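Asks: fold the following.
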Amino acid sequence: MLLNNMRADQSNNQLPVVGVGAIVVHDGAVLLVKRGRAPYAGEWAIPGGKLKWGETLQQGAEREILEETGITIEAGELIYHFEHIVPAENGHPEFHYVVLDLSGRYISGRPQAADDAADARWIALDDLESVNLNRTTQRALNKLYSESN
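Replies: So this is what the prediction gives:
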């Protein structure tokens, strides 16, 4: 029985994908991207992507923000995290993401959509209700700003 369980575990030896992003606020606006691909295509979200082998969280966040938006940042501490598990028709997970969002300090650049982002821009904190904001991004920003007040 144990051997059968070990074989099943080995044949399904999938690991969650680690995603990393950064919440960057500058001059009263937050840096967001409009997702160009599923999941959540067309929704505004915190920029980020997959952490590469050998990168620190900070290096990954800095690279992803630059690749998606053209903005150079200095990544700081972990400020928000979540999991996203998408089930397949057979009931097993089709996708499993663990996403870690760090604080980001703006250094330079102007937002330009690149990589898989359809758009990138600074959105004033007071204007967030006027855009199609991703639910997870909304929760992250609500948590961040409710804790700072």
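Asks: mind listing residues that contact stretch 50-60?
Replies: Under the criterion Cβ atoms under 8 Å, 6 or more residues apart in numbering, residues 17-20, 63, 75-76, 78, 100, 102 lie in contact with stretch 50-60. All C-beta atoms are positioned from the backbone trio N, CA, C, and that covers glycine.
Asks: quick check: ChimeraX command selecting the buried ones in those.
Replies: To isolate in ChimeraX the members of the contacts of stretch 50-60 that are buried, counting by 16 or more other Cβ atoms under 10 Å, one can use:
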select :19,20,63,75,100,102
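Asks: could you identify the most distant pair in the contacts of stretch 50-60?
Replies: Using Cβ to Cβ, the pair of the contacts of stretch 50-60 lying farthest apart is 17 and 76, separated by 22.6 Å.
Asks: that older thread, same list (the contacts of stretch 50-60) but as a markdown table, adding secondary structure.
Replies: Written out in a markdown table, the entries for the contacts of stretch 50-60 read as follows (DSSP: H, G, I helix; E, B strand; the rest coil):
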| residue | secondary structure |
| --- | --- |
| 17 | strand |
| 18 | strand |
| 19 | strand |
| 20 | strand |
| 63 | helix |
| 75 | strand |
| 76 | strand |
| 78 | strand |
| 100 | strand |
| 102 | strand |
